[in-house]
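S.K.: Here is a sequence with its predicted model. Questions after.
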Amino acid sequence: MAEKIDLKSIRNIGIIAHIDAGKTTLTERFLYYSGKTHRLGNIDSGNTVMDYLDEERNRGITIVAAAASFNWSQGAQKNLIHLIDTPGHIDFTAEVERSLRVTDGAVVIFSGVEGVEAQSEKVWRQSDHYDVPKIAFINKLDRMGASFSRTLQEMQDKFTQRKITAFQIPVGIESGLEGVIDLLEMRFLKFKGEEGETVTPAAIPEELLPEAEAARDHLLTDIAELSDEIAELYLEEQEVPVRLLKTEVRRLVGSNEICPVFAGSAKKNIGVQPVLNAVIDYLPSPEERFKYTAVNVKNEKDEVITVNDPHFCGLVFKLVASGSADLLYMRTYAGKLNLSDTLINTRTGEKVRIKRILRLYAKNIEAIDEVGPGDIIGIIGPSNTFTGDTLCAKHRQVMLEKIDFPEPVISIAIEPRSTKDKDRLKTSLDMICREDPTLSLKTHENTGQVILSGMGELHLEINTNRIQHEFKVEARYGRPRVAFRETITEPCSVTGIFDKVIGENELYSEVDIDFIPVKIDQGIEVISKVAKGDMPGSWLLTASETLDGGLRTGGNSGYSLIYIKAVIKGLRGTPDKTTDGAVAGAVLDAVNRAISNGTKLLEPLMKLDITAPEEVVGEITGYLQVRRAIIHGIDNIPGGKMLHCEVPLAEMFGFSSALPKLSGGRAAFSMEPFGYQEISQNDLERLGTNTSVSF
């Protein structure tokens, strides 16, 4: 049985950053210095614990979020840290989304060379969406071109919602990096030993004192602006006790008013242990996080879930599919869970029995008998359970907020190479889609082809490689194509009618719906303005769910609809003739009437950021302009330029191969989805093979 840890000593954290900023390298140091591993994992050597998939080790990138639990002691106090190492590539943003949904804090890593990159901003915004407190680590300060002050300034310029404040400054830079200065306790920290395992405090060298004192004064000023207690001492020029500073910083981090920034180089084993100490000192425990709102499935009213509630409640946030029993990652929010307990899946209403409770350690597991609130665990047993499902005690059935995932933007057609592989291919596709909510599978109505959709070329490439290497299925794949959308051309108000005799039953329902084209982040918004009155509650629920599903099914060209606000204004029926099925039929009739007025085709747009030497910028901009890119700005950065662009996804096929040729291998880029725009018939015809499925 695992050792029990007090709730106040638990930290649930996510490690988030742009690709190649050093997330996995930092995490491997966390595991080593905590005693969880006995050697340092190295990405270049392909022997990391957290990047355990063959695809991850071969490519040197994180593809799936991996969880690890380990202890970190401060004096006599033993703490338990549940860490989730997330991918940095935009194609795997769902892994970041679901990880941040269940963490109580985050460590955001920035490269001291590249500074604040596109995906850095993306994951920062994702963490803000879930109101996750953060600390930051400026990494790679041993590399040529690194600058702590420049990266810090970029962070302060781009993340203005809170104070971004240096709690350390580096001693030396690039190959001369020697250690860091702790500005709270005003001491020079050196990292000695073969693997930097020994942290040795020393006096700050005299020549560095003026810089350190100025940095500490800036730190105190930032805190004093947010803390009356610190402000009073600071203005009276009294010494501010370190214990008081830490207490106030903890409060300010928890309320997202300040983000402490630390410095070092994970690869050179400099500055890692202070970040672990900061996780304990400043990031909140599950007990300190805000209360969670859930919906009671019986009365549909909101309820507040806290760690002190006696009835168990947990959220499944990740699934690892298996041919026998799936491994489910779950965050526990309330109550205790014991081995062999029976819970309720509030999405399905089914009872599920917990066969195993597991402590997670990347691909390794450790069996435990029970778990309390505020934990991150693995469970085996429940069937028909997926990402986003709430599992809870039958005495208090609630549903926690689900996890929002972006829509796929690119598709390929798949078929088995031989008929004997047909069933095996279907099984493998079902498994990878069960694991990854940003993958979707459907059969093309006209051709009968199986279409797999995902978040980008790399996303699809890695998953098709899994089909071949992991599931040993030979298949043929079509060329990637963009996932178009449709929207209505103008607002309309329609009445949907279902009036049919089925068997001996006469069924009837009418519904009035306003359809309004509007650009909204969620794509589809369904609102009901019908008063319940004497109407059965199931009618309204059916109307809303059918309308949402109907709009996502497809428009006149067969693509899912987007950018539509649908308002249910009226719903009519009679107790003897109206069923939930009749209501659904009336809603679908209204959707068909709305799209019969005409739809227009939309193509996905991407936000594209490119860093390149100044002398090749002209070549790159010329390439982009003929591909309908809009260049919004070009910034000066150390060693070159950064281009900020907006470009249709259909024009970007092959760009990852073209850019090295245009720049002599000296440019890099990042992309993320940026909405949709109307595409003309001429552009549609010109793009040709990128807009149709072909083998």
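M.R.: Sure thing, it's come through.
S.K.: dump the residue contacts of the spatially closest residue to E401 that is not a sequence neighbour.
M.R.: Spatial nearest neighbour of E401, excluding adjacent residues (CB to CB, 6 or more residues apart in numbering): T293 at 7.0 Å. Yep, even glycine has a C-beta here, placed from its N, CA and C like the rest. T293 sits next to D302, E303, V304, I305, E401 when contact means CB atoms under 8 Å, 6 or more residues apart in numbering.
S.K.: Could I get the full set of strands for the stretch 351-500 of the chain?
M.R.: 356-361, 364-368, 370-371, 376-380, 390-392, 398-400, 410-416, 440-443, 450-454, 475-477, 481-482, 485-488, 492-502 (DSSP state E, counting those that start in this stretch).
S.K.: List the residues that contact E614.
M.R.: E614 touches G640, K641, counting by CB under 8 Å, 6+ apart.
S.K.: Where do the strands of the stretch 201-350 of the chain begin and end?
M.R.: 258-263, 292-296, 302-305, 313-320, 327-334, 337-338, 342-345, 350-353.
S.K.: Select, out of these, the one closest to V107.
M.R.: Go through the strands of the stretch 201-350 of the chain one by one with CB to CB and the one that ends up closest to V107 is strand 258-263, at 9.0 Å.
S.K.: re the thing from before, reformat the strands of the stretch 351-500 of the chain as JSON lines; add mean neighbour count and distance to K8.
M.R.: As requested, these are exported to JSON lines (neighbours: other CB atoms under 10 Å; distance: least, CB to CB, whole Å):
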{"stretch": "strand 356-361", "mean neighbour count": "20", "distance to K8": "19"}
{"stretch": "strand 364-368", "mean neighbour count": "14", "distance to K8": "20"}
{"stretch": "strand 370-371", "mean neighbour count": "19", "distance to K8": "16"}
{"stretch": "strand 376-380", "mean neighbour count": "23", "distance to K8": "16"}
{"stretch": "strand 390-392", "mean neighbour count": "25", "distance to K8": "24"}
{"stretch": "strand 398-400", "mean neighbour count": "23", "distance to K8": "23"}
{"stretch": "strand 410-416", "mean neighbour count": "20", "distance to K8": "45"}
{"stretch": "strand 440-443", "mean neighbour count": "13", "distance to K8": "42"}
{"stretch": "strand 450-454", "mean neighbour count": "22", "distance to K8": "41"}
{"stretch": "strand 475-477", "mean neighbour count": "15", "distance to K8": "51"}
{"stretch": "strand 481-482", "mean neighbour count": "22", "distance to K8": "50"}
{"stretch": "strand 485-488", "mean neighbour count": "24", "distance to K8": "47"}
{"stretch": "strand 492-502", "mean neighbour count": "16", "distance to K8": "55"}
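S.K.: Give me the helix or strand of the protein that scores worst on average pLDDT.
M.R.: helix 54-59 (a mean of 50; mean pLDDT, DSSP states H and E).
S.K.: tell me the secondary structure for the residue nearest in space to the middle of the chain?
M.R.: The centre of the chain sits closest to E97, judged by CA atoms, centre = their mean, with a distance of 1.9 Å. Secondary structure assignment for E97 (DSSP: H, G, I helix; E, B strand; the rest coil): helix.
S.K.: now swap in the one 4 residues further on and tell me
M.R.: Under the three-state scheme (three-state DSSP), the conformation of R101 reads as helix.
S.K.: dump the residue contacts of the residue nearest to it when sequence neighbours are not counted.
M.R.: Spatial nearest neighbour of R101, excluding adjacent residues (CB to CB, 6+ apart): I403 at 4.9 Å. By CB under 8 Å, 6+ apart, the contact list for I403 reads E97, R98, R101, F317, T387, G388, P437.
S.K.: No more questions from me, cheers.
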